[in-house]
Structures are given as C-alpha cells and as structure tokens.
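Visitor: For reference, the sequence and a predicted model appear below.
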Amino acid sequence: MPSIIGILALIIIGYTVGSVRIINQGTEALVERLGRYNRKLKPGLNFIVPVLDYIVLRDSVREQILDVAKQGAITRDNVSLEVDAVVYWRILELELTFYAIENVEQAIQELVTTTLRSEIGKMEFEKTFSSRDELNRALLSQLDEATEPWGVKVTRVEVQEIIPPEEVRRSMQLQQAAELKSRAMVLEAQGEQEAAIKRAEATVRSIQMLSQALQNQGDTSEILNYLLAQRYVEANQRLGESENSKVVFMDPKMLTEGIVELMHTDTASPKKDSDDFPSRRR
C-alpha cells in the first residue's frame, strides 16, 4: 500500500513539474492542444496540460531591427540609385504573426524593397536627397498598413544611404564646386564694392577737412608743400619695399614750387598767355 501512494505522489509531482512553464519578460509563447491553437502564454508562471498541450513558439515581443541591404531603384527621371534602409518593428499579436505569415522578417524585407522602389520611382533625382523625411513617412505609412494583418507594428523606417552612379556623383561634385565658387565671387565683389565706397567716403572727408584747413590759413603754399613732401616720402617708402620695383628719386622742392606757382598764376591772372608764365626759382 505505501508503494502505491509513493507512485501516485511521484506521478502527481511529475505532472505538476511537467505542466509548469515560465515565460521571460518581453517574450510570449503559443500553445497548441492536439494540433490546434489553444492560447497564448504571457510572461511569468504558466501551466499547461502535459501530453495534450504543446508550446509551438516562443518569440520576443520587444522592438526589433531589420537592416535591409542596398537595393537598386530608378527615379522618375531615369536615374539609377542604390538605397538601403533600417526598419524598426515589433510583434503585437504573436498568434497572427505565426499563423498568418510563414516568415515575417523575410516578408517585411520584401515589402520594404518593393515599397522603397515604388516611392523612389515617384521622385525626381534631386528631390530624393532633400525629401528623405518625406520618403521615410511614406514608407512607414504603407508598411504599417500592409503588416497590420500579420499582427506586426512597424514603428519607424529610416533610409540610410542614397547612392547615385559614379558619373552622377562626379557631376554633382562639379556642380557644387561651381556653386561655391560663384558664391565666393559674389561675396568678394560685394566686399570690394563696400571697400571702394568706404575709401571714397574717406577721401571726401579728407578733402573737406583739407579745404576747411586751407580756408583758415593765410599761407596755403606751406601747407601744400608739406602735404606733397609727405606723399613723396610715402611713395618712395612703398617703392623701396618692393623687390622688383625701380625707384626714381626726384626733388620734391622742384615739384611743389611748380604747383604753387601755377596756383598763384591762375589766381592772379587767369587769362595770361603762356609766355607770361613766371619762371621757376632756382
């Protein structure tokens, strides 16, 4: 009699142990009873009926990443491209994912490839680079709608690279270089124009100040002699700093005296003939 009780106890313990299933967090499991879907096991402690029940699938319901390899696509203006993308997705209904589609990852990858080619074919080549966010949104909308019957949620789609042919890349680089050069030339011209305006304004102010100073002085020839001598010295200094320049020295006195005499002559008798022109002082 005790042996029968022991056997029954062992049977009960074995049945209990065999019926216990622990599902980890972030994972779900599907149970079939006699070959038909019975229920879904949630994370934690679960019990099944040994022999009758069988766990056919354990899978993660966390967000997963699917890296789609580079695919060829043609834009609306017949430019061939290579495009790759990354898809973020997760399982919402594990039973639908298992029974509605054979290989969900392969199905998503094929769907991404088809949708990506379709969306690229609607765009002009130049727009594909500037409208990447628009392309991502279009892909997400179509993929999310297409994968809903599979119990899958596509949370995000990111187009990683858009690679045009080598000839097109070289043309784009040349075009970009030309645009940069053009902008640089425009900026340089604007800078030269502003500098010329400032130099002209400074010259006008200098002339006005000189005119006022001459009006307040009785003997203007001394002031003119000083200014011309200063210009003469500055010009000689600049010529001397140049390695390839030839320097010609002149007597500033001869130059300034001629200018002063001209000024006096024009002021005193503007209608005199050239024969009455006063001779230079030696």
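Guide: That came in fine, so what should we check first?

Visitor: which residues in the stretch 51-200 of the chain form strands?
Guide: Secondary structure of the stretch 51-200 of the chain by DSSP state E, counting those that start in this stretch: the strands cover 53-60, 64-74, 80-91, 152-163.

Visitor: Which secondary structure elements does the last one sit against?
Guide: Meaning strand 152-163. Identification of packing neighbours for strand 152-163 by 3 or more CB pairs under 8 Å, 6 or more residues apart in numbering; DSSP states H and E yields strand 80-91, helix 104-120, helix 132-147. For the C-beta atoms, the positions are set from N, CA and C on the backbone; glycine is no exception.

Visitor: With Val186 as the reference, name the closest of those.
Guide: Among these, helix 132-147 comes nearest to Val186, with 29.2 Å by CB to CB.

Visitor: So which elements touch the closest one?
Guide: The helices and strands touching helix 132-147, judged by 3+ CB pairs under 8 Å, 6+ apart, are strand 80-91, helix 104-120, strand 152-163.

Visitor: mind putting the strands of the stretch 51-200 of the chain in a markdown table, distance to Glu145 and mean neighbour count included?
Guide: Below are the strands of the stretch 51-200 of the chain laid out as a markdown table (distance: least, CB to CB, whole Å; neighbours: other CB atoms under 10 Å):
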| stretch | distance to Glu145 | mean neighbour count |
| --- | --- | --- |
| strand 53-60 | 23 | 15 |
| strand 64-74 | 17 | 14 |
| strand 80-91 | 13 | 18 |
| strand 152-163 | 9 | 17 |
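
Visitor: mind putting these in CSV, mean pLDDT included?
Guide: Below are the strands of the stretch 51-200 of the chain laid out as CSV (pLDDT from 0 to 100):
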stretch, mean pLDDT
strand 53-60, 90
strand 64-74, 88
strand 80-91, 90
strand 152-163, 88
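
Visitor: would you turn the ones you listed into JSON lines with distance to Val20?
Guide: Below are the strands of the stretch 51-200 of the chain laid out as JSON lines (distance: least, CB to CB, whole Å):
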{"stretch": "strand 53-60", "distance to Val20": "12"}
{"stretch": "strand 64-74", "distance to Val20": "28"}
{"stretch": "strand 80-91", "distance to Val20": "24"}
{"stretch": "strand 152-163", "distance to Val20": "30"}
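
Visitor: With Ile4 as the reference, name the closest of these.
Guide: Closest approach to Ile4 among the strands of the stretch 51-200 of the chain (CB to CB): strand 53-60, 27.7 Å.

Visitor: so that closest one versus helix 104-120, what angle?
Guide: Following axes from the mean of the first three to the mean of the last three CA atoms, to 10 degrees, one obtains 40 degrees for the angle between strand 53-60 and helix 104-120.

Visitor: Partner strands of strand 53-60 and their direction?
Guide: Looking at strand 53-60 with DSSP bridges, its partner strands are strand 27-33 (antiparallel).

Visitor: which parts of the partner strand are buried?
Guide: Residues of strand 27-33 classed as buried by neighbour count (16 or more other CB atoms under 10 Å): 28-31.

Visitor: Mind checking the pLDDT average for stretch 125-143?
Guide: Averaging pLDDT along stretch 125-143 yields 85.

Visitor: Alright, that wraps it up for me.
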